[in-house]
Structures are given as structure tokens and as C-alpha cells.
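Chemist: starting from these lines, generate the structure:
(chains A and B)
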Amino acid sequence: MNYPEKQTAITGIGQSKISRGADKSALGLSIDAAMQAIADAGLKRSDIDGMATWPGDRSDGSGFSDVGIPALQDALRIEVNWYSNCSETAGQFGAIFNAIGAISAGLARHVLIFRTMYEATARKTAFANALNVPGQRVRGGFQWYAPYHTYAASTQQALYFARYVHESGIKPEQVARIALNGRRNAGLNPAAVYRTPITMDDYFASPIISTPLRLFDCDVPIDGSTAIILSHIDAARDLPNPVTRIEAVGSNMRYRNSWTQLDALATQGQPKVAEMMWNRTDLTPGDVDVAELYDGFSYHTINWLENFGFCKRFEAGDFIGDGSRIALEGELPINTNGGALSAGRMHAYGQVHEACTQLWGRGDARQVKGDPRVAALSTAGGPLAGCFLLARE
Amino acid sequence: MSVPRPLPVTDRDSAAYWTGGANGQLLIERCNGCAYLIHPPTGFCPVCESRDTAPHAVSGRASIISCTVNHKQWMPDLPVPYVLALVALDEQADVLLATNIVDCAPETVFIGMKVQVRFEQNEDLWVPLFAPVESGK
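Modeler: Numbering: from 1, shown residues only, chains lettered A, B, ... in the order given. Alright, predicted model coming up:
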């Protein structure tokens, strides 16, 4: 089937320095990532005719999203035919999915997509971490959670994780392998924020945040920006990087999208988006060479292993086993740059950057052997979910 | 010491839920046409499309479908550990309520535990909390 996403390709990637405290502004980091991505695609600023981001400028002091499209457009003096931010989409990949639509509609040919986070700096001030502030009234959907002292995503996500553990019987030492695998890979990635190896003992010594979540199950707030260029595939053929198309996307909302009323607590929103993605391609899970699976929390990755069909429902623990299968040299290498747990929270855009790095053979010490051609990517947890496949021609 | 609960800005749909505790009632919106319980309340029944809905006092009995013991002290004076849970109403399993489980030791709370509502007044609102059935009433 000739779905429109197959007519789009990632043609360039860029990333600022990722750190636990930047020496420049969030906008400065965004400019670094954007200019690097444009150059990597073999393009000039004047070639960019579309822009997209997730979720857009919030400037709420949290560092979650301080840079929107107008600020970056003005800094770079880019003239575009189409632009869009969007927070109510299929997770953080919504910006990419929207750009596919714009390119398919002929509104743009080269879209600059970026995601900037400035949380490391923001969290040096009190309460920047809090979803809810004591004494402050809460509007909208979070009113159903906020009165119960849910100050961070981890307290909510721990409920999904606990239900998953209850239904699957996964063992803590199997969960730990996600963090250990990420850190091992991060040791081979000079850009990762945490590179010192950790052991199983280190994992079990890390503090419990909210049962069953430990500190090492949680990703790392950083300052940094990632940018990609999504182009029409006809244009991609004339550019320097190997033609790498979006093979299929999963972007639906065929479930109750609510932090409290989610239909399937243990599996979250992911099964339906993965099902949609596989229905739009002839590829199967066995064709995937490398998987960059969202790891805002380690069990998100565990969920995605099942929901992508790499293993059966509630059998991810045994699939992970001693970690060798998901290691760089294993049959399904995952989170090859260290993932968000060790490379830093780039909110799934780190995964996109790394997937291209691997498919383009730029992984250096962490390069997956065997000329990988197909990558699976996923984002988000809880009611948010999105995924896609990248395929190099 | 403790930290005040962040309270909701109630609206036309949600006010009953947050104030029913004044009369000791857990009020969940119900369709007058087909008796489906609608939560969060919207004024629209997704089963029969009726707009004829009203707050309905349920038993306040529920089962824990997931729970977590939060150990992280997110801010000074926040007493830890405490239990955050999702509970399913006895009357209708697809009505899930986030809540704290109180009046018991956190480590004794488990998935499947039967719980009963109680209310804690905070300013002008009554926040529904749940406790093990055995421990009260």
C-alpha cells in the first residue's frame, strides 16, 4: 500500500550538546541543533519551507518546552509555507506525523522538526519539577489526580508499572536490565550525560521513587535540543544521506486517552498504535534491525517490546532475560545511544537521532553490526503513544 | 507538618463529585436513560447518547486495581510514604478513581484490596479518599 508517509524521508539530523546544565540558552541550543540538521541534510536555511515541534512554547518555568516555532524561525530568519506545533497528538512524534501530512499535501518540501528541553537548568529552582503546586487550584483533566499529591509523572506512571508487574509477574532483575543496557551503551556514546557503568547491585541500591519505580528506572532531565529534517522522498534522492523513508506510522487514539480512565493500565495506549503501524507495511517485527524504544521510564521500553510484537504479551521479562538479546551485539539491539535513562531525556527525539545514526553507519564504537536497514521507534507512555518504522533503501 | 492538597477548580460537571462528601455521599454522574455511570462527568451518555444525566450517590465501595507507595519527598514537609491508587467502583468497573489509601500502613495495601470511601474536607471541597473496608465502618 502506498501510504503517504512512505513518500517522506529523514534527510538530516542535528543535536546540541546534551548536559545537566547548559552554558547557553534554550534558544541557543535549538539553533545549534537546527543548523547542524540543515547542514547534515546538505541544505541551506533558504531550503527549509516548513517547521514543526512538540509541544510548542510553554515558557512556564519548567523547562519542558521553552522554545517555540516563532522564536526559532526569527532567530534563523527562515521563511516557511507551513508550520505547526501540537501537543494533543500521538505523543512527541505528533510533530513528525503532522509534517508528513504537510509534505503530502504539497505545503512543504523540507520541514525542520525540533524538540528542545531545558529541564536541567529549570530544576535548579524550587518547584520547577512539580506538575501541581500546593495551594494552587488545578483545572482540566489533572483535577482528578492532583488532590492526591501527584507532583511528578513518576507517581502516575508507577500505577501503570505496578499493574504491569501484577499481570506479567516480571522480575525486578529483568526490569533492571533496561537500565543496565542503556548505561552500557551510553559508555560508548561520548554525547551521553551518564556514562559510568552500573551493576545490578547499583540498581538495587538506587532509591525507590514510587513502588515499583527506582531512580534508575527514571530518565534524566537535561538541557538540549534535537532537530531533524523531514523531506519529500523525491528531494531526498538528491541529498547526501542514504534515502531513509518513513515506512509506516502508528498515530491513533482508539482508546480512552485519560491518565485515570485508560482502558488497559498494564499495556497503556501502545497496542493500538503499534497495530496501526504494522497494518501499513509489509515488514514484520522480525525485519527490525535496531529498536529505539521510548524509556521515559524503563517499563515503557518493556511495554513497547511487547506492543511492537517483539515478544508475546507479558513475556518481555523472559525476552530480556540476562540482557544479551537486547544488547548491541544481540538479536534486537535497543536504545543503542544509552536511551533517555543514560543519554538524557530528549523525549523520543534522541531515539530518532540515534536511529538515523545507526542506519547511516555513524555509530562508531556503538555501531550495530550487520548493516542495519530497519529501525523501530516509539514514544511515550500512559495514554500517550506514537510509533513509526524507518527504512533505509 | 504537611502540604495542602492541590485542589480542583470545579465546574458545572465536576462540582458534585468534589462536594458530595459534605453529605457523606460519593456522587458519580449517571445516565437517567440507561443508568450508565459517566466518569469523568460530561453531561452526555456515551452508551445511549442521552443528555439526561444527574449526580448519583454510589455505595463508595471499590477495589484497588493498581497502587504505588510514593517514597520520594517531592517538597519539604510532604509526609512520606503515602499510597496513590486507582480504584474501580463496585457498581461499574470502568469507573476508575485516583485516590489516596488512608488509615492503614502503606505496605499493607495491595491490588485487589476492597476499599471504602471517606471524605476529607479541604477548604470548600470534600476530597474522596479510600480506606480498607476492614478498618472502618
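
Chemist: A:Glu275 against A:Gly250, yeah?
Modeler: Yes - using CB atoms under 8 Å, A:Glu275 is in contact with A:Gly250, at 7.4 Å. C-beta: built from backbone N, CA, C; applies to glycine.

Chemist: quick one, which of the two is more surrounded?
Modeler: The residue with the greater number of neighbours, taking A:Glu275 and A:Gly250 and applying other CB atoms under 10 Å in any protein chain shown, is A:Gly250; the counts read 27 against 14.

Chemist: quickly list what the more buried one is bridged to.
Modeler: Here A:Gly250 sits in beta bridges with A:Cys387, going by DSSP bridges.

Chemist: now it: how far from chain B?
Modeler: Relative to chain B, A:Gly250 is positioned 24 Å away (CB to the nearest CB, to the nearest Å).

Chemist: residues contacting A:Glu247?
Modeler: For A:Glu247, the residues meeting the contact criterion (CB atoms under 8 Å, 6 or more residues apart in numbering or on different chains) are A:Glu5, A:Lys6, A:Thr281, A:Leu283, A:Val374, A:Phe388, A:Leu389, A:Leu390, A:Ala391.

Chemist: which ones among these map onto strands?
Modeler: Counting by DSSP state E, the contacts of A:Glu247 place A:Val374, A:Phe388, A:Leu389, A:Leu390, A:Ala391 in strands.

Chemist: which one is the fourth one nearest to, not counting chain neighbours?
Modeler: Here the nearest residue to A:Leu390 in space, its sequence neighbours aside, is A:Ala375; by CB to CB, 6 or more residues apart in numbering or on different chains that works out to 4.5 Å.

Chemist: and the one you found, how many neighbours?
Modeler: 27.

Chemist: identify the residues contacting B:Val83.
Modeler: For B:Val83, counting by CB under 8 Å, 6+ apart, the contacting residues are B:Cys67, B:Thr68, B:Val69, B:Asn70, B:Asn100, B:Ile101, B:Val102, B:Pro106, B:Val109.

Chemist: for the last one, report the pLDDT, please.
Modeler: In the predicted model, B:Val109 carries a pLDDT score of 98.

Chemist: low-scoring pLDDT stretches of the chain, where are they?
Modeler: No chain in the question, so chain A it is. In the predicted model, chain A carries pLDDT under 70 at residues A:1, A:126-130.

Chemist: nope, chain B please
Modeler: Using pLDDT under 70, chain B drops low at B:1, B:135-137.

Chemist: spell out which residues of it are next to chain A.
Modeler: B:3-10, B:14, B:39-40, B:65-72, B:74-75, B:78, B:82, B:84-86, B:94, B:96-100, B:111, B:122, B:127 (CB under 8 Å from any CB of the partner chain).

Chemist: buried subset of the contacts of A:Glu247 as a ChimeraX selection?
Modeler: Buried members of the contacts of A:Glu247 can be picked out in ChimeraX with the line below, counting by 16 or more other CB atoms under 10 Å in any protein chain shown:
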select /A:5,6,281,283,374,388,389,390,391
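
Chemist: the residues of chain B next to chain A in strands, which ones?
Modeler: B:65-70, B:82, B:84-86, B:96-100, B:122, B:127.

Chemist: any idea how far the residue in chain A sticking out farthest from the centre lies from A:Met346?
Modeler: Going by CA atoms, centre = their mean, the residue of chain A most distant from its centre is A:Gly135, 33.0 Å out. In this view, A:Gly135 and A:Met346 are 33 Å apart by CB to CB, to the nearest Å.

Chemist: kindly report the same for A:Leu230.
Modeler: 17 Å.

Chemist: tell me the secondary structure for the residue in the stretch 51-200 of chain A that chain B sits nearest to?
Modeler: Among the residues of the stretch 51-200 of chain A, A:Gln143 lies closest to chain B, at 3.3 Å counting by CB to the nearest CB. In the three-state summary, A:Gln143 is assigned as helix, counting by DSSP: H, G, I helix; E, B strand; the rest coil.

Chemist: residues contacting it?
Modeler: Contact partners of A:Gln143, counting by CB under 8 Å, 6+ apart, are B:Pro8, B:Val9, B:Thr10, B:Ser14.

Chemist: same question, A:Leu389
Modeler: A:Ile246, A:Glu247, A:Ala248, A:Met277, A:Thr281, A:Leu283, A:Val288, A:Val374, A:Ala375, A:Ala376, A:Leu377.

Chemist: for A:Ala340, see how far away the first one is.
Modeler: Just to be clear, that refers to A:Ile246. 22 Å.

Chemist: and what of the last one?
Modeler: For A:Leu377, the distance to A:Ala340 (CB to CB) stands at 13 Å.

Chemist: how about the fourth one?
Modeler: Using CB to CB, one gets 21 Å for the distance from A:Met277 to A:Ala340.

Chemist: of the two, which one has the most company?
Modeler: Under the criterion of other CB under 10 Å, the comparison of A:Met277 against A:Ala340 puts A:Ala340 first, with 28 against 25.

Chemist: pretty sure A:Ser16 sits against A:Ala37.
Modeler: No - shown here, A:Ser16 and A:Ala37 do not form a contact pair, counting by CB under 8 Å, at 10.5 Å.

Chemist: derive a ChimeraX selection command for the buried subset of the residues of chain B next to chain A.
Modeler: Below is the selection syntax for ChimeraX that covers the buried ones among these, with 16+ other CB under 10 Å defining burial:
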select /B:3,5,6,7,8,10,14,39,40,65,66,67,68,69,70,71,72,74,78,82,84,85,86,96,97,98,99,100,111,127
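
Chemist: quick check: bridge partners of the residue in chain B that chain A sits nearest to?
Modeler: Ranked by CB to the nearest CB, the top residue of chain B for proximity to chain A is B:Pro8, at 3.3 Å. When bridges are called by DSSP bridges, B:Pro8 pairs up with A:Val138.

Chemist: tell me the contacts of it?
Modeler: The neighbourhood of B:Pro8, defined by CB under 8 Å, 6+ apart, consists of A:Arg137, A:Val138, A:Arg139, A:Gln143, A:Trp144, A:Ala146, A:Pro147, B:Ser14, B:Trp18, B:Leu125.

Chemist: same question for B:Val95.
Modeler: Applying CB under 8 Å, 6+ apart, we find B:Val95 in contact with B:Ile28, B:Leu37, B:His39, B:Ala88, B:Leu89.

Chemist: tell me how far the second one lies from A:Cys86.
Modeler: Between B:Leu37 and A:Cys86 the distance is 33 Å, computed by CB to CB.

Chemist: for chain B, see how far away the nearest residue to A:Ala9 once chain neighbours are set aside is.
Modeler: Leaving aside its sequence neighbours, A:Ala9 sits nearest to A:Ala236 (CB to CB, 6+ apart; 3.9 Å). Remark: distance between A:Ala236 and chain B (CB to the nearest CB) = 44 Å.

Chemist: what of A:Val368?
Modeler: When A:Val368 is compared with chain B (using CB to the nearest CB), they lie 35 Å apart.

Chemist: what about that residue, neighbour count?
Modeler: Around A:Val368 there are 19 residues (other CB under 10 Å).
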